[in-house]
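Asker: here you go, sequence then predicted model.
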Amino acid sequence: MELITIRVGGTSKVFSRGLPVGEILPEFSINFSNGMFNLTSHGSSDFLVSFNHDPKIYNQFIKSGGSRKKAVLIRMEPEAVYPAQFKKRVTDKYDLVITTGSPALSEGKFFSVNWPYKYHLNPASPNENDPDLYSILEKLRVTQEQTLFKWDKRKFLVTLIAGNKVSPSLNSNYKVRRTLARQLEFSELKIFGPLWNDAFMVKLRHRLAVLYAATRSGTVSSPFGIYGNLLGRYSNAVGEVVDKHQIMKDSKYSLVIENSNFVITEKIFDAIINGSIPIYIGPELASFGIPMELAIEFNYKLSSVDEVILKTTDQQAMHILASGRNFLLDPNFKNRWSSDAVFGEISSLVKDYISRAS
């Protein structure tokens, strides 16, 4: 069989550095190492695989003789972050669309896979030298189950690790984060992350960057979403975090607020893996095959965080912690949610598609 050249690109700046695809996306490229495929980050190719829609790369592919029927879009950013790539005018440019972190879907050219979970210390700066997920799970396996005494002695009652970001879409949960941060300003909640109490110009630059990116991609931004309480200050905001896992290991509860109610990312798994009880806002866990008993699914419109914590008994806390630990140690977690497994599934979908389209 003739060697098939696949251009792999995307919106990440790392694609512009001219590095081999194996260095940029090792978990993806390893599945194409059977001598049948040539993965490249530049030049002409038989197929295009774009990690998030990049108009420049897509147009280069088309001008070099490519076609929509040989283009694959892998949506790594949720709609709250990159709404344009969920629009029909963009998805019409591709013949296969794979979305990460969304409920199971297999409909025509649209497929969804789980979020590819990796163990990163700093959510804003993932590093290849971060601890390996499998070694972390093995340590969890050989340690004793979390005791109430140890959990009860943790430094923080409840923490939120998230940046004070804004979205061009009103379908995000970024406003919910600010609402709860304000409601709990004088409680025991501690917030870790950027843009909460940064200088006015820093927060303004973030909002202008979001507005610019959205406008450039053809998205009409909501002024309410972009404004995002620009002048707000939060006395319970501590600042940026170097090791989010250490914060969670020191937290009895973690306020886990997903980007939107349509996607599950790494956030709830970060809390569980560190033995912190997730107070969770996002899509229903059951729709992703995640047991509901490993978190407290929270409706902030009906009750307060303080009320939820007060109503949680010691017995309930131990049950939630044990459920989370059992979920992580079940082979299904590694086989369905680890970055290796998810990129393996993505690769299989892409290879099956290429075999049909070649």
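Answerer: Alright, I've got the coordinates.
Asker: where do the domain boundaries of this protein fall?
Answerer: Split into domains by automatic domain parsing, the chain comes to 4-116+339-357, 133-337.
Asker: now those domains as CSV including distance to N127 and mean neighbour count?
Answerer: (C-beta placed from N, C-alpha, C; glycine too.) Below are these laid out as CSV (distance: least, C-beta to C-beta, whole Å; neighbours: other C-beta atoms under 10 Å):
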stretch, distance to N127, mean neighbour count
domain 4-116+339-357, 13, 18
domain 133-337, 11, 17
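Asker: want to try a markdown table for the ones you listed, with distance to P126 as columns?
Answerer: A markdown table is the format used below for those (distance: least, C-beta to C-beta, whole Å):
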| stretch | distance to P126 |
| --- | --- |
| domain 4-116+339-357 | 11 |
| domain 133-337 | 10 |
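Asker: and V158, that's in a helix?
Answerer: No: counting by DSSP: H, G, I helix; E, B strand; the rest coil, one finds V158 to be strand, located in no helix.
Asker: not counting sequence-adjacent ones, nearest residue to it?
Answerer: Once flanking residues are discounted, V158 sits nearest to Y253: 4.1 Å by C-beta to C-beta, 6 or more residues apart in numbering.
Asker: did I read that right, that neighbour in a strand?
Answerer: Yes: counting by three-state DSSP, Y253 is located in a strand.
Asker: how near is it to N261?
Answerer: The gap separating Y253 from N261 is 21 Å, by C-beta to C-beta, to the nearest Å.
Asker: for the residue lying closest to G282 once chain neighbours are set aside, what are its contacts?
Answerer: With C-beta to C-beta, 6+ apart as the measure, E258 is the residue that lies nearest to G282, at 3.2 Å, once sequence neighbours are left out. By C-beta atoms under 8 Å, 6 or more residues apart in numbering, E258 lies in contact with 173, 264-265, 267-268, 280-283.
Asker: hey, where'd the helices end up in the stretch 1-150 of the chain?
Answerer: 21-24, 26-29, 55-63, 88-91, 133-142, 148-152 (DSSP state H, counting those that start in this stretch).
Asker: same list (these) but as JSON lines, adding distance to S187 and mean pLDDT.
Answerer: Below are the helices of the stretch 1-150 of the chain laid out as JSON lines (distance: least, C-beta to C-beta, whole Å; pLDDT from 0 to 100):
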{"stretch": "helix 21-24", "distance to S187": "43", "mean pLDDT": "92"}
{"stretch": "helix 26-29", "distance to S187": "40", "mean pLDDT": "94"}
{"stretch": "helix 55-63", "distance to S187": "45", "mean pLDDT": "96"}
{"stretch": "helix 88-91", "distance to S187": "42", "mean pLDDT": "96"}
{"stretch": "helix 133-142", "distance to S187": "30", "mean pLDDT": "88"}
{"stretch": "helix 148-152", "distance to S187": "18", "mean pLDDT": "83"}
